[in-house]
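[1] The following comprises the amino acid sequence and a computationally predicted model.
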Amino acid sequence: MSVAVDFGSSFGAGPYTARDLHNGPEEGKGFELWNGWLVEKMSPSLRHNRMGRGLRSVFIEAARRAGADVLIDGGEYEFAFPGAVRKPDVFIIDAKAEEAGFLEGELYLDPSDLLLVAEVVSPRSGSEAHDRKIKRDEYARAGIPHYWIVDFAPVARIEALDLERGRYVRKALVTGDDVLVVEQPFEISVSPNVLFELGRRDFA
């Protein structure tokens, strides 16, 4: 869940900048930046967290099988977009790009180096519109080739989108025990319901 926050006179009335993001409450932890607003990423539900952990587990195992030199993570890494700073729930990025950013002391990673982004939708929350529409457009403009929108209610569901001619096109929509198989950025096979069990076991 996310809510646009105005901190008023104690922090300034906005619009806010990337500098404000890290000079604000908790040095930016738990916030994104969008169109001059600090957007609070409120504590997600246990199902949201388990789904995210399950996705990371699936991506890590698939990358190992493929021998892909990638970093798989989510939640804390920050990516700079025009007018926004985003913290995707789960992502796959070229490991060399992350290493270059680390060596150069960068604060943000370049979203153009992302191979796949997945956002877990919290239903009826302030973030749902961002995940389904606003981030979808941002990620497409940044050239991220694959975007997954993942739901855990009312049923577990994965919508896999591929970038074609500057916009995302649905390639697959699976629910429950149906199996999603994609070939890019490497072969990944998963059913939505399995993510809950994998998330329960994955404490890495």
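    The structure has been received and is ready for your questions. Numbers count the residues shown, from 1 in each chain.
[2] After the longest helix seen in the chain, which helix or strand is next?
    Longest helix in the chain, counting residues (DSSP state H): helix 46-66. Downstream of helix 46-66, the first helix or strand assigned by DSSP states H and E is strand 70-73.
[3] Can you pull out the low-pLDDT segments for this structure?
    1-15, 17-30, 32-44, 124-127, 199, 201-204 (pLDDT under 70).
[4] tell me, what residue is most central in this protein?
    Against the mean C-alpha coordinate of the chain, by Cα atoms, centre = their mean, the closest residue is P88 at 2.2 Å.
[5] Assess the claim that that residue and L116 are in contact.
    No: contact between P88 and L116 fails when scored by Cβ atoms under 8 Å: they sit 9.5 Å apart. Backbone N, C-alpha and C define where each C-beta goes, glycine included.
[6] Near R47, how many other residues are there?
    17 (other Cβ atoms under 10 Å).
[7] Quick check: the gap between it and E187.
    27 Å (Cβ to Cβ, to the nearest Å).
[8] do A156 as well
    Going from A156 to E187 by Cβ to Cβ gives 21 Å.
[9] Show me which of the two is the more surrounded one.
    Taking neighbours as other Cβ under 10 Å, A156 and E187 compare with A156 leading, 22 against 12.
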